[in-house]
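Asks: fold the following.
(chains A and B)
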Amino acid sequence: MDALVAHSLTKVYRSRHGTARALDGVSLTIRKGQLFGFLGRNGAGKTTFIKIASGLLLPTSGTIELFGIDVIAHPREVRERIAIIPQEGKPFYHLTPREHIQEYLQVRGASSESAKSTADELVHAMGLEPYSKTPAMLLSGGLQQRTLVAMVLATHAEFLFLDEPTLGMDPFARRQVWEVIRRAARKGSTILLTTHYLDEAEQLSEELAVIEGGHILYKGAAEDLKAKVHREVRLHFDRGFTSRELEPYGEVYAEKGGLTVMTTRARVEELTRLALERRSAVSIGPVTLEEAFLTLVGRSIEEDEPGGEWP
Amino acid sequence: MTWRKQANAVLRICWFNGCLGLIRSPLVFVALFLTPVSFLFFLYVVAPRAELPYGVVGGVLFSCLFTGSGMMNDCAYLRLERQMQQVFITSPLRPISWVLGMALSELTFTIPALVLFLVVLTLVTPVSISAFLALIGVIVLTWLLATSLGFLLSTFFRTLREIWPIGMVVFTSLSVLPPVFYSLAAVPASFRWIAYVAPSTFASQLAVSAAGLPVTSVPGAPFLSSVGGQLLGLVLLTALFIGVAMRFARWRDP
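Replies: This next block holds a predicted model:
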């Protein structure tokens, strides 16, 4: 069964500075129980999509359904079944992490006992125990973000919208949050996750979509996205090559004082032989999701120029 | 979510946003006292002693109207800066419950000042039980009117920078310029009807009447001179403000 079905969703922002098309005919389906990643550059349309899907923003045209309910016509019914971490949201300054979770659950209709036990569980799972009695205003940005994530994941809502949930967190905290997100998915929540951390998307998402300029460029598994760019291997040379020499082998970019080329397996032998001849140190590895994403979006930008920010 | 759970949610919001906010930030408590007490002190020093009860009634109403300013600031702040309104709205909580919870929070902040002014009022002029109850009614209507207006305004801001100038204009026009802290008799007779452009004038004249102070008539407008007319005016304006807030408040950005 499908949890979310968007069809030809378009959003045009109008202001006195002009108009901007944030979404341009986006059609997307997310299966029930799926952990779905949504990738894109700043301003690509991810947050606009989430706002429309959660009933916070009206689209200019198109339709969107959540569990078969029309989000535009029946936002109240949809809101019964969702929870959202907004991008750059911040907790109340005077409440502790435990109070945030407990009060939010009670406001959503949970009993005092169940809210208390869920708060205990989430405070522990998110590593917030040492700070559970500290008001949010005294917590670091990363801990405030963890509080917000705990508050929303504690709801066990049927559909969770997580708009950059690990923003500003250290690598340890991010892994803790990943585990809690995975647990929510195992318990049956459908999750739409946007992130700029490509490793996070790769680790968590069963399927992902790449959006650029309001269009969906790709939808499928992370592995298939890597295959889609027709490059499997990345080679990094510390010296001995120019960009022009490497361009016939694949996408080239400067990195760590040398050059990296993404190429096919068939070209690896030839390139390593050249590296030996030129006495260049070479490191070889598989193409990452980040490189595949950059290649895909980079191509799209080249095709679409001139582009630009919206007003 | 059932109505009982919605009502419980309203009280929870009032508890964690209002009560805990007040307990953990005592400066809010001082700030809310400061403006009406300053006006009262000013009146005590410069105005004839007979004007003092009007100043105390003004303090009561100013505190009620201040809930509107607080509502506007807090709702805009929680929506734009903290994005907490979005977190609470995208849940089984009905939007009206969120607004009521926030409005009750604002009342919580104001209750200490209201209690002080009501006590002072009983010291400067005799107030019967029925007059006291009538004053409570005026307080409730004014609170509903001010918080509806405050919430409605909060939904139109796009940045926090816009809040203070608009708040200053609107709530000064409602609480300082009209005869809230002074008697309507100070306004020339032929211009008194203009004071009723501000909804707070209906509230102030009702409160003055409830406190047993002399009520000033409006020549050529018997409706505005009677308690029934003033009550009807305040009830209708409050209903209008609530209706407009519910109809036009931006639950979803267009």
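
Asks: my guess is residue B:33 contacts residue B:112. True?
Replies: Yes: between residue B:33 and residue B:112 there is a contact at 7.2 Å, judged by CB atoms under 8 Å. For every residue, glycine as well, the C-beta is placed using N, CA and C.

Asks: burial of residue B:92, as a residue count?
Replies: Residues within reach of residue B:92, counting by other CB atoms under 10 Å in any protein chain shown, total 21.

Asks: how about the secondary structure of the residue nearest to it when sequence neighbours are not counted?
Replies: For residue B:92, ignoring the flanking residues on the chain, the nearest one in space by CB to CB, 6 or more residues apart in numbering or on different chains is residue B:1 at 4.2 Å. Following DSSP: H, G, I helix; E, B strand; the rest coil, the label given to residue B:1 is coil.

Asks: got a list of what residue 70 touches?
Replies: In the absence of a named chain, this looks at chain A. A:63, A:64 (CB atoms under 8 Å, 6 or more residues apart in numbering or on different chains).

Asks: meant chain B actually
Replies: B:106, B:109, B:110, B:150.

Asks: quickly find the element holding it.
Replies: helix B:52-80 (DSSP states H and E).

Asks: what is the mean pLDDT for the one helix or strand residue A:117 maps to?
Replies: Residue A:117 is part of helix A:112-125 when elements are defined by DSSP H and E. Averaging pLDDT along helix A:112-125 yields 95.

Asks: and it, which residues are buried?
Replies: Within helix A:112-125, the residues scored as buried using 16 or more other CB atoms under 10 Å in any protein chain shown are A:115, A:116, A:118, A:119, A:122, A:123, A:125.

Asks: can you pull the pLDDT of residue A:309?
Replies: 40.

Asks: tell me where chain A has helices.
Replies: A:46-53, A:75-79, A:97-107, A:112-125, A:141-153, A:171-186, A:198-204, A:222-228, A:243-246, A:268-277, A:289-304 (DSSP state H).

Asks: so which of those helices gets nearest chain B?
Replies: helix A:97-107 (4.5 Å; CB to the nearest CB).

Asks: how far is that closest one from where the chain is centred?
Replies: 25 Å (CA atoms, centre = their mean, to the nearest Å).

Asks: ditto for stretch A:257-272
Replies: Chain-centre distance of stretch A:257-272: 29 Å, with CA atoms, centre = their mean.

Asks: state the mean pLDDT of it.
Replies: With pLDDT averaged residue by residue, stretch A:257-272 scores 87.

Asks: quick one: end-to-end length of that stretch, please.
Replies: 19 Å (CA to CA, to the nearest Å).

Asks: tell me the buried residues in it?
Replies: Using 16+ other CB under 10 Å as the test for burial, stretch A:257-272 gives A:258, A:259, A:260, A:261, A:262, A:263, A:267, A:268, A:271.

Asks: so the first one sits against residue A:238, correct?
Replies: Yes: applying CB under 8 Å as the test, residue A:258 and residue A:238 come out as touching, 4.2 Å apart.

Asks: now do the contacts for the residue nearest to residue B:159 when sequence neighbours are not counted.
Replies: Once flanking residues are discounted, residue B:159 sits nearest to residue B:80: 6.8 Å by CB to CB, 6+ apart. Under the criterion of CB under 8 Å, 6+ apart, the contact list for residue B:80 reads B:157, B:158, B:159, B:160.

Asks: compute the distance between residue B:80 and chain A, please.
Replies: Distance of residue B:80 to chain A, computed by CB to the nearest CB, to the nearest Å: 11 Å.

Asks: model confidence score at that residue, please.
Replies: Per-residue pLDDT puts residue B:80 at 92.

Asks: what number of residues lie near residue B:126?
Replies: Residues within reach of residue B:126, counting by other CB under 10 Å, total 10.

Asks: part of a helix, is it?
Replies: No: per three-state DSSP, residue B:126 lies outside any helix segment and is coil.

Asks: hmm, residue B:211 and it touching each other?
Replies: No: Residue B:126 is beyond contact range of residue B:211, at 9.2 Å (criterion: CB under 8 Å).

Asks: ok, back up a step: turn the helices of chain A into JSON lines, columns for distance to residue B:120.
Replies: Formatted as JSON lines, the helices of chain A follow (distance: least, CB to CB, whole Å):
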{"stretch": "helix A:46-53", "distance to residue B:120": "49"}
{"stretch": "helix A:75-79", "distance to residue B:120": "45"}
{"stretch": "helix A:97-107", "distance to residue B:120": "35"}
{"stretch": "helix A:112-125", "distance to residue B:120": "39"}
{"stretch": "helix A:141-153", "distance to residue B:120": "42"}
{"stretch": "helix A:171-186", "distance to residue B:120": "53"}
{"stretch": "helix A:198-204", "distance to residue B:120": "60"}
{"stretch": "helix A:222-228", "distance to residue B:120": "69"}
{"stretch": "helix A:243-246", "distance to residue B:120": "81"}
{"stretch": "helix A:268-277", "distance to residue B:120": "87"}
{"stretch": "helix A:289-304", "distance to residue B:120": "67"}
